[in-house]
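Colleague: Turn this into a model:
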Amino acid sequence: VKPSPFGPDDQIGATNRITPAVTKAAAAEIQTGAVVPMAYNLVDGVPLFGTRFTKTMLTTASLVPGAEYGKNKLTYMEDTYLSQSHVGTHIDGMGHIGIMDCYYNQTPMGKFVTQNGLKKLGLENLKTFATRGVIIDMVKVFQDAGKLKTNPACRTPCLDGGTVITDADIQAGLKMYNVTLREGDAVFVHTGWGDLFNQFPAQNANYNKSEPGISKAAAQWLADQKVVLVGTDTWAVEVIPSEDTMEAFPVHAILLTNNGIHIIENVRTDLIVAEAASSKRATFFLSMTVPKAVGLTGTFVNIEAIQ
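Modeller: Purely as a prediction, here's the structure:
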């Protein structure tokens, strides 16, 4: 695991690159004020990795006659949301992935693990994500190259599970809109696989059993461009099955563990891809809400692209 370029005490990761100058430059992307949602609704029943779970319960006790509050008979309702943090549209934090006991910035995580959370590399260390976002349309890249292999369960064009997205593919997608990545950018990749997510629960098994995704070389190329985030409309960002089936989630290790670059999974990319095709602009101001949850390895996020 590589040391952080931001010093031996760094727990922030790549969002160190989002300086006031980066945010100011990104604000120039707001031209029409159009706001495009990029997160799925948080709801029970969506595809979940492994044994992850969600369960929502509504408390309505005061609606029972005689249980109201005050002479004005006020009632209220509230929710209990039982869930693991890596579900739906969510962010992977620095404490999510390591190589054995070694995590981001060569942190020996065994020393910082408690039953109730991490004592180091938790999400409370995040800086802002107020930066420029870039959408890359891999469906269009593969269509134009005449190499699109789709999945019959997708209702709209998608890359099939197991399709490897190379660094050359990423660069072709950027060239399509004449975009050059800048330090501090947030990169989102549209594969069309999210169409299966949208068909929950009917296509949950199909969605989870494989996915198109970026290669190790593509991940390293993106890291070399000094981006702060990589998100896709898939559940793991990287190609599944892996290029080397003996490796477990190597792209996660490249981005998170070695470069401090956050991963966003299950991103809704179809709307911003359509907006980019219409406006001929693949860049936008990224508005993303991330709760600074102390000691957590990840959490749900809400994402909006503002053009």
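
Colleague: so Thr32, which of the three states?
Modeller: Following DSSP: H, G, I helix; E, B strand; the rest coil, the label given to Thr32 is coil.

Colleague: Relative to Lys280, how far out is the nearest residue to it once chain neighbours are set aside?
Modeller: Closest residue to Thr32 apart from its sequence neighbours, by CB to CB, 6 or more residues apart in numbering: Gln307 at 5.6 Å. Placement of C-beta: from N, CA and C, glycine included. As for Gln307, its distance to Lys280 is 11 Å (criterion: CB to CB, to the nearest Å).

Colleague: Settle it for me: which of those two has more neighbours?
Modeller: Set side by side, Gln307 and Lys280 show more neighbours around Gln307, with 20 against 9, by other CB atoms under 10 Å.

Colleague: contacting residues for that one?
Modeller: For Gln307, the contact set (CB atoms under 8 Å, 6 or more residues apart in numbering) comprises Glu29, Ile30, Gln31, Thr32, Gly33, Ala34, Val36, Glu275, Ser279, Arg281, Phe284, Phe285.

Colleague: what's around the first one, how many residues?
Modeller: So that's Glu29. Count around Glu29 with other CB under 10 Å applied: 18.

Colleague: Does it touch Ala282 like I think?
Modeller: No - assessed by CB atoms under 8 Å, Glu29 is found out of contact with Ala282, at 10.4 Å.

Colleague: For stretch 271-289, list every residue counted as buried.
Modeller: Ile272, Val273, Glu275, Ala276, Arg281, Ala282, Thr283, Phe284, Phe285, Leu286, Ser287, Met288 (16 or more other CB atoms under 10 Å).

Colleague: for stretch 234-253, same thing?
Modeller: Buried residues in stretch 234-253 (16+ other CB under 10 Å): 234-240, 242, 249-253.

Colleague: cool, stretch 15-31 as well?
Modeller: Thr15, Asn16, Arg17, Ile18, Val22, Thr23, Ala26, Glu29.

Colleague: In helices, which of the residues you listed fall?
Modeller: Val22, Thr23, Ala26 (DSSP state H).

Colleague: How about the first one: what's its closest non-neighbour residue?
Modeller: By that I understand Val22. Using CB to CB, 6+ apart, the closest residue to Val22 is Gly184 (3.9 Å).

Colleague: need the contact list for the nearest residue to Thr269 once chain neighbours are set aside.
Modeller: In space, not counting the residues next to it along the chain, Thr269 is nearest to His190; the distance is 3.9 Å by CB to CB, 6+ apart. Residues in contact with His190 (CB under 8 Å, 6+ apart) are Ile135, Ile136, Asp137, Met138, Val139, Thr232, Asp233, Thr269, Asp270, Ile272, Val273.

Colleague: And what about the fifth one, helix, strand or coil?
Modeller: Read it as Val139. helix.

Colleague: What strand or helix carries the spatially most central residue of the chain?
Modeller: By CA atoms, centre = their mean, the mean C-alpha position of the chain lies nearest to Ile264, the distance being 1.0 Å. Assigned by DSSP states H and E, Ile264 belongs to strand 262-265.

Colleague: just how off-centre is that strand within its chain?
Modeller: Taking CA atoms, centre = their mean, to the nearest Å, one finds strand 262-265 lying 3 Å from the centre of the chain it belongs to.

Colleague: where do the strands sit along the stretch 201-307 of the chain?
Modeller: For the stretch 201-307 of the chain, the strands defined by DSSP state E, counting those that start in this stretch cover 213-214, 229-232, 262-265, 283-289, 298-300, 302-306.

Colleague: Turn the ones you listed into a markdown table, including distance to Val164 and mean pLDDT.
Modeller: Output for the strands of the stretch 201-307 of the chain, formatted as a markdown table (distance: least, CB to CB, whole Å; pLDDT from 0 to 100):
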| stretch | distance to Val164 | mean pLDDT |
| --- | --- | --- |
| strand 213-214 | 8 | 98 |
| strand 229-232 | 13 | 98 |
| strand 262-265 | 18 | 98 |
| strand 283-289 | 25 | 96 |
| strand 298-300 | 25 | 95 |
| strand 302-306 | 25 | 98 |
